[in-house]
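Chemist: Sequence and predicted structure, then a few things I'm wondering about:
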Amino acid sequence: MNRPSPLDPRETASEQELIASILAGERENFHLLIRPYEQQLYRTAFALVKNEAEAEDVVQDAVLKAYRKLASFRGDSKFSTWLIAITLNEARGRLRKESRAAFDSLDEQREQNRDYTPAALTDWREVPLAALERQEIRALIQQAIAELPETYREIITLRDVEQVSVNDTASMLGISVALVKVRLHRARMMLQKRLVPHLRLVAKPERKRMGFGRLSWL
Amino acid sequence: MAMNCRHVWDHISEYIDNTLDPQLRAEVERHLATCEICSAVIDSTRNIIVLMADDRVFELPLDFSKRLHARLDEVLKREYPEPLGMGS
């Protein structure tokens, strides 16, 4: 279900040209360079700081920083990866400042603990998508993501909301691919456990399950 | 040795992403064929993942882009990118 990477090689080539032109003095081209990523930057920032105005500030600061540091972008990662990594750092910096992170670091210690139990319910999966109260479910999911500890919120946002590849996620966060997978797994399990009982209440199945017809609406 | 439920739960995420090695995947599938609970856990997790991907359609605040480019413009007008080697 991974979507193709937002950059095909041709776009990357033209991005490199844009970057070269900016560094050569055509500063206005920086507008073009970042335009494709605005939404993604905003969503990523918002997932961390959870506040519209603050997310907007984070993106603005990150974009300005990217401009000022453009010469240090060496092209060994994608430009988008570099830009999102800067945005994540800005967002994290703000969280530290507000010492909201104190809470989250406790959860970090629990990362060693593999002992979770998923919510075992057999009803929700059978509900046809059309029958779901989609808005309500979407709100529940956003709420559940917002309540995850910072580490897991980052990973879920990059991998499952933004559909960033495992490798790119690893380089954005500066962690190993193995750790991306471990954290993603835990984050998904936390969401599953948190959400399924509620989703079941929102989406009442209209019929009993027939046979082994899994994934009827996927 | 047959996998138990707890062991299957450890692999749910990679199972869904289709990145388990084939032997492990086969073992998980053997378990799923008879375990209603694990099948449900996997399906519900997958549903949540599908719905999260939908969240990409997310509205930016009004004039977000305009404000971003206006602020950028002020800086672009008076500053060049820093030459390499200045700070980090």
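Modeler: Received it, and whenever you're ready, just let me know what you need. Numbers count the residues shown, from 1 in each chain, chains lettered A, B, ... in the order given.

Chemist: can you map out the helices along chain A?
Modeler: For chain A, the helices defined by DSSP state H cover A:9-23, A:29-34, A:38-49, A:52-68, A:79-97, A:101-109, A:134-146, A:150-156, A:166-173, A:177-202.

Chemist: and after the lengthiest helix in chain B, which helix or strand comes next?
Modeler: Taking DSSP H as the criterion, chain B has its longest helix at helix B:36-54. Counting by DSSP states H and E, the element after helix B:36-54 in chain order, helix or strand, is helix B:64-78.

Chemist: okay, now the domains of chain A?
Modeler: A:9-103, A:121-202 (automatic domain parsing).

Chemist: where does the chain dip in pLDDT?
Modeler: Reading this off chain A. Scanning chain A for pLDDT under 70 picks out A:1-13, A:99-135, A:200-218.

Chemist: Not quite, go with chain B.
Modeler: B:1, B:55-58, B:85-88.

Chemist: Rebuild the domains of chain A as JSON lines, extending it with distance to chain B.
Modeler: C-betas here are computed from N, CA, C, even on glycine. Output for these, formatted as JSON lines (distance: least, CB to the nearest CB, whole Å):
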{"stretch": "domain A:9-103", "distance to chain B": "4"}
{"stretch": "domain A:121-202", "distance to chain B": "4"}
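
Chemist: Output the ones you listed as CSV; include the columns mean neighbour count.
Modeler: Shown next, in CSV, are the domains of chain A (neighbours: other CB atoms under 10 Å in any protein chain shown):
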stretch, mean neighbour count
domain A:9-103, 18
domain A:121-202, 19
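
Chemist: right, so of the ones you listed, which gets closest to B:Tyr15?
Modeler: domain A:121-202 (9.9 Å; CB to CB).

Chemist: mind checking how far the nearest residue to A:Arg194 once chain neighbours are set aside is from A:Ala71?
Modeler: Excluding the flanking residues, the one nearest A:Arg194 by CB to CB, 6 or more residues apart in numbering or on different chains is A:Ala144, at 4.9 Å. As for A:Ala144, its distance to A:Ala71 is 41 Å (criterion: CB to CB, to the nearest Å).

Chemist: re the thing from before, could you confirm whether the longest helix of chain B reaches chain A?
Modeler: Yes: if you take CB under 8 Å from any CB of the partner chain as the test, helix B:36-54 does meet chain A, through B:36-37, B:39-41, B:43-54.

Chemist: which among those residues end up buried?
Modeler: Taking 16 or more other CB atoms under 10 Å in any protein chain shown as the criterion, what is buried in these is B:39-41, B:43-49, B:51-53.

Chemist: How about stretch B:17-27, which residues are buried there?
Modeler: Under 16+ other CB under 10 Å, the buried positions of stretch B:17-27 are B:Asp17, B:Leu20, B:Glu27.

Chemist: Dump the C-alpha coordinates for that stretch into CSV.
Modeler: The C-alpha coordinates for stretch B:17-27 follow below in CSV (Å, rounded to 0.1, in the frame of the first residue of the first chain):
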residue,chain,number,x,y,z
ASP,B,17,3.8,-4.4,5.3
ASN,B,18,4.7,-7.7,3.7
THR,B,19,8.3,-7.5,4.9
LEU,B,20,8.4,-10.8,6.9
ASP,B,21,10.7,-13.4,5.6
PRO,B,22,8.8,-16.1,3.7
GLN,B,23,9.2,-18.8,6.3
LEU,B,24,8.0,-16.6,9.1
ARG,B,25,5.1,-15.4,7.0
ALA,B,26,4.1,-18.9,6.3
GLU,B,27,4.0,-19.7,10.0
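
Chemist: outside of that stretch, which residues touch it?
Modeler: A:Val166, A:Lys181, B:Met3, B:His11, B:Glu14, B:Tyr15, B:Val28 (CB atoms under 8 Å, 6 or more residues apart in numbering or on different chains).

Chemist: Now for the fourth one: which residues touch it?
Modeler: Meaning B:His11. Taking CB under 8 Å, 6+ apart, we find B:His11 in contact with B:Leu20, B:Leu24, B:Val28.

Chemist: State the phi and psi torsions of the first one.
Modeler: The main-chain torsion angles of B:Leu20 are listed as degrees, to the nearest 10 and equal phi -70, psi 150.

Chemist: Kindly reformat the contacts of stretch B:17-27 as JSON lines containing distance to A:Ile22 and secondary structure.
Modeler: Output for the contacts of stretch B:17-27, formatted as JSON lines (distance: CB to CB, whole Å; DSSP: H, G, I helix; E, B strand; the rest coil):
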{"residue": "A:Val166", "distance to A:Ile22": "30", "secondary structure": "helix"}
{"residue": "A:Lys181", "distance to A:Ile22": "36", "secondary structure": "helix"}
{"residue": "B:Met3", "distance to A:Ile22": "54", "secondary structure": "coil"}
{"residue": "B:His11", "distance to A:Ile22": "46", "secondary structure": "coil"}
{"residue": "B:Glu14", "distance to A:Ile22": "40", "secondary structure": "helix"}
{"residue": "B:Tyr15", "distance to A:Ile22": "44", "secondary structure": "helix"}
{"residue": "B:Val28", "distance to A:Ile22": "49", "secondary structure": "helix"}
